[in-house]
Every structure is written in C-alpha cells, then in structure tokens.
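Undergrad: next input, structure requested:
(one chain, ligands or ions: 2)
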Amino acid sequence: MSKQKVILDCDPGHDDAMAMLMAIAADNIDLVGITTSAGNQKPEKTFANARKLLALTHREDIPVAMGAQKPLLRDLIIAENVHGKTGLDGADLPDPTIPPLPTRANDLIADILRESTEKVTLVVTGPMTNAAIFLLSHPELKDKIAQISYMGGACFGGNMTPQAEFNIYVDPEAAKIVVDSGVSVAMFGLDVTLKAQLFDEDIQQIEEIGNPVAEVMANLLKFFNLTTTKPFLATPDHVEGVHMHDPCAMAYIIDPSMFRVVPLHVDIDTDHGISAGSTVVDYDDVLGKDKNVDVAFEIDLPRFRDLVFKSMTYYNRIA
Ligand code: RIB
Ligand code: CA
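TA: Numbering: from 1, shown residues only. Ligands and ions are numbered 1, 2, ... in the order given. Have a look, this model is predicted:
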C-alpha cells in the first residue's frame, strides 16, 4: 500500500495527541514531520508535548520543529482551562531522549516539501499561524501541498464565542490566508467534531488494550472528558461524550469515506466584533462564490471508533 506523506501541525493538546497517535499507527500514512503551534498552551509547552509523545511511541526519528510564538497579529490566547498547565494534564509522559531540533517549523516544512518527490498533506489541528507563515514565505512550494486538512471553525456555532471556534478565534488572519490560498482545503469544524464522541465505555476499552500508549491516552481522555465544554444540547438525560475534534482532520486523510464533506465558500471574520474569528460558511451558496473549502458535516461514528481502537492496538508492539 502506498503511504501518503503527512506533516502534522499541532498544539498538543489532548485531542492533538490522539491525532498524532492515529497518524503514526496508520498503515497508509507516512508522518514525515511535526510542527507545533501556540494555542492550547504556550509554544514551548506544545513543543515539549509533541516531543514527549514521540518518546512515548518510540518515534523520535520523526522530526519535530517549534513554530510561531504567537498569532500573526493578535495576542496569544491559550486553553489552560481545558488542557491544563502542561497542555497534556492527566497522564505521565516520558521525557525526550534526544535534544530538540534547532530548526523552526517554517524551515522544516519547506525542507520536507522541497526534498519530497511527491505531494505532502498538511494536517493542522491548532491555530493556523504556521501554515499561513509557510504559505506567505514559500509560494514556490505551494504546489507541493496535496491538501490542507484542518480542525477549526464551524458552519453553525462556536466554542470560544457563540460564533467562533478556538483554533480560528486565536488566529483569524492566519485562517483567512489558508482558506484564500488556492490550496485544496478540507475543514473539520464543530459541525462534525462535536459528533465524534468517545464515551466512558470507549475510554475503558482503550485502557483495557493495555499497552503503554493506550494507557496514557486513556488517562488523557479521562482528563479531557472532565474539562471539555458540553454544548447546550446536553440535557439532563443526554450523555455527551468527549469530543475528538483534531482526530477528525487526521481520520479524513486515513479514510475519507468516513465523512460527508460539501464544497462550499468559506471566509473568515477578521474583525474584532461579536463574531470575530467565525468561519463564514456559505451553506446555501447565496453568494455564488468559489467553493474554496470542503466542509465536513457527517461522520460514520462506529467506523471512527474502530479506527481509534485499531490505532491504540497498534502500540501493542511497544512492550
Ligand atoms: O476547538 C477545538 C480545538 O481547540 C482543538 O484543536 C483543540 O485541541 C483545541 O486546540
Ligand atoms: Ca488542537
């Protein structure tokens, strides 16, 4: 089976961690690089967390580079209330066994694309600052990007404001650069990621897989389940699971048939008003503009869960 080369730009982050572990485990993905963004936590913490996850999976051969220290124009907003002081609270992770790369994200992405004989997919699971900087810095390499699959935004709703989702809210200007770039872009917003839920029994099943990676992920999910916001639809008799936002953007690259996506026109509100950071999705095509983004709305949840369990079982090879 041919493997799709993937660079993961992430802000680990509990759900980012699951996305990374799924990529490493997938038999049709070659995770050729990781870059880290400022988002869930400060840049030095998300960078450290990515390196610890690679130590946990014995994959420190994958290069990881720190990215921008803050959004393009705005002050950094972090989500310590959700991901904790470390950014990966709830589990003990091993320290890296190799020194950090001095390379910065923009250069690592450029080096990988320049040297690759085939196109590379960029999966972005945090604010899109690094992706925007790369697109502005290296227009000559844009054609080497197969697709950008990102977790962010929402056609309907928000989790930072009633209209804006965290990743886009943190850096709206970066998101606008990405959706206007002309690169093939797929969006996994709250419309689909709030449906990608794992429940207590799923977390227990992960824990019972019994390898060191599954144990860490189960503990991370237990913490994340306590801190993630439960949307208004959670009524007293409705059990809301833990939302696997970022894994949706990666699962799409592993198995796109798991999702229903619709090509739509997407723009970003880069103002500073009540809807700042919202993804303005032309759901009814009232503007008749270019369909610049494939927007995901539905997920085959049983198949998604199967992929999660298969990914965690992959790590049985680590004693
Ligand atoms: O709104 C969800 C997004 O914000 C996810 O990427 C999560 O990791 C946080 O960064
Ligand atoms: Ca994230």
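
Undergrad: which parts of the longest helix seen in the chain are buried?
TA: Counting residues, the longest helix found in the chain (DSSP state H) is helix 212-227. Within helix 212-227, the residues scored as buried using 16 or more other CB atoms under 10 Å are 213-225, 227. In short, each C-beta sits where N, CA and C put it, glycine included.

Undergrad: with stretch 290-302 instead?
TA: 292-297, 299.

Undergrad: repeat for stretch 197-214
TA: Here stretch 197-214 shows 197-198, 202-203, 205-207, 209, 211, 213-214 as buried, counting by 16+ other CB under 10 Å.

Undergrad: one more: stretch 136-147?
TA: Buried, per 16+ other CB under 10 Å, within stretch 136-147: 138, 141, 144-147.

Undergrad: which of the residues you listed fall in strands?
TA: Judged by DSSP state E, strands contain the following of the buried residues of stretch 136-147: 145-147.

Undergrad: tell me the SS of Leu76?
TA: Here Leu76 is recorded as coil under DSSP: H, G, I helix; E, B strand; the rest coil.

Undergrad: contacting residues for it?
TA: Taking CB atoms under 8 Å, 6 or more residues apart in numbering as the contact definition, Leu76 lies against 38, 42, 69-70, 170.

Undergrad: where does this structure have low pLDDT?
TA: The model of the chain has pLDDT under 70 over residues 229, 231-234, 319.

Undergrad: the same query, at a cut-off of 80, please.
TA: Along the chain, the model assigns pLDDT under 80 to residues 1, 229-238, 319.

Undergrad: where exactly do the helices run in it?
TA: 14-25, 43-56, 80-83, 105-115, 129-137, 166-170, 172-179, 190-193, 200-209, 212-227, 245-254, 301-314.

Undergrad: within range of ligand 2, give me the residues from the stretch 101-250 of the chain.
TA: Along the stretch 101-250 of the chain, the residues adjacent to ligand 2 under the rule CB under 5 Å from the ion are 125-126, 246.

Undergrad: was I right about Gly67 contacting Gly39?
TA: No. Using CB atoms under 8 Å, Gly67 is not in contact with Gly39; the gap is 10.0 Å.

Undergrad: what's the neighbour count on Leu190?
TA: Using other CB atoms under 10 Å, Leu190 has 22 other residues around it.

Undergrad: number of nearby residues for the closest residue to Phe223 other than its chain neighbours?
TA: Distances taken as CB to CB, 6 or more residues apart in numbering place Gly90 nearest to Phe223, at 2.6 Å, with adjacent residues excluded. Residues contacting Gly90 under the criterion other CB under 10 Å number 19.

Undergrad: related to what we said a few turns ago, distance to Gly189 added to the buried residues of helix 212-227, as a markdown table?
TA: Output for the buried residues of helix 212-227, formatted as a markdown table (distance: CB to CB, whole Å):
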| residue | distance to Gly189 |
| --- | --- |
| Val213 | 28 |
| Ala214 | 28 |
| Glu215 | 31 |
| Val216 | 28 |
| Met217 | 24 |
| Ala218 | 27 |
| Asn219 | 28 |
| Leu220 | 23 |
| Leu221 | 21 |
| Lys222 | 25 |
| Phe223 | 24 |
| Phe224 | 19 |
| Asn225 | 21 |
| Thr227 | 20 |
